[in-house]
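In: Return atomic coordinates for the entry below.
(one chain, ligands or ions: 1)
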Amino acid sequence: MQCPECGSTHIRKNGIKKGKQNHICVDCKRQFVDRYEAHKGYSDEVKRECLKLYVNGMGFRAIERVKGVHHTTIITWVKQVGERLPDA
Ligand SMILES: [Zn+2]
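Out: This is a model prediction of the structure:
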């Protein structure tokens, strides 16, 4: 479980909303429901940041240390995006 806003994993449960578990990010106070868990963890924001670091010459292991995203996940993202990486 990760905050869709800031990527923090410092999450607390915040009651039930419309039958779904609501969560709140302790770091930025953003509230969100379980749907972010559906696509296994990382938000597009985190993905974009990792790809940006990669484009800027950072290695997979270094990105893993900084962002807390496993390097094989990052490699998968890079393959997905392929040659169409932006000039960050
Ligand atoms: Zn947050």
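
In: Okay, domains of the chain per the record?
Out: 1-41, 44-81 (automatic domain parsing).

In: what are the phi and psi angles of the closest residue to T73 other than its chain neighbours?
Out: Excluding the flanking residues, the one nearest T73 by CB to CB, 6 or more residues apart in numbering is Y42, at 7.2 Å. Bear in mind the C-beta positions are built from the backbone N, C-alpha and C, glycine included. Dihedral pair for Y42: phi -80, psi 140, per degrees, to the nearest 10.

In: residues contacting Y42?
Out: Listed by CB atoms under 8 Å, 6 or more residues apart in numbering, the contact partners of Y42 are Q2, G7, V69, T73.

In: mind listing what the nearest residue to R30 once chain neighbours are set aside touches?
Out: Leaving aside its chain neighbours, R30 sits nearest to E5 (3.9 Å; criterion: CB to CB, 6+ apart). Each residue near E5 by CB under 8 Å, 6+ apart is listed here: C25, C28, R30, F32, E45.

In: Residue ranges in this structure under the pLDDT threshold?
Out: Scanning the chain for pLDDT under 70 picks out 34-40, 83-88.

In: Quick check: closest non-adjacent residue to H71.
Out: With CB to CB, 6+ apart as the criterion, H71 has its nearest non-adjacent residue at 3.9 Å, and that residue is F60.

In: Can you report how many residues lie near that neighbour?
Out: By other CB atoms under 10 Å, the residues close to F60 number 18.
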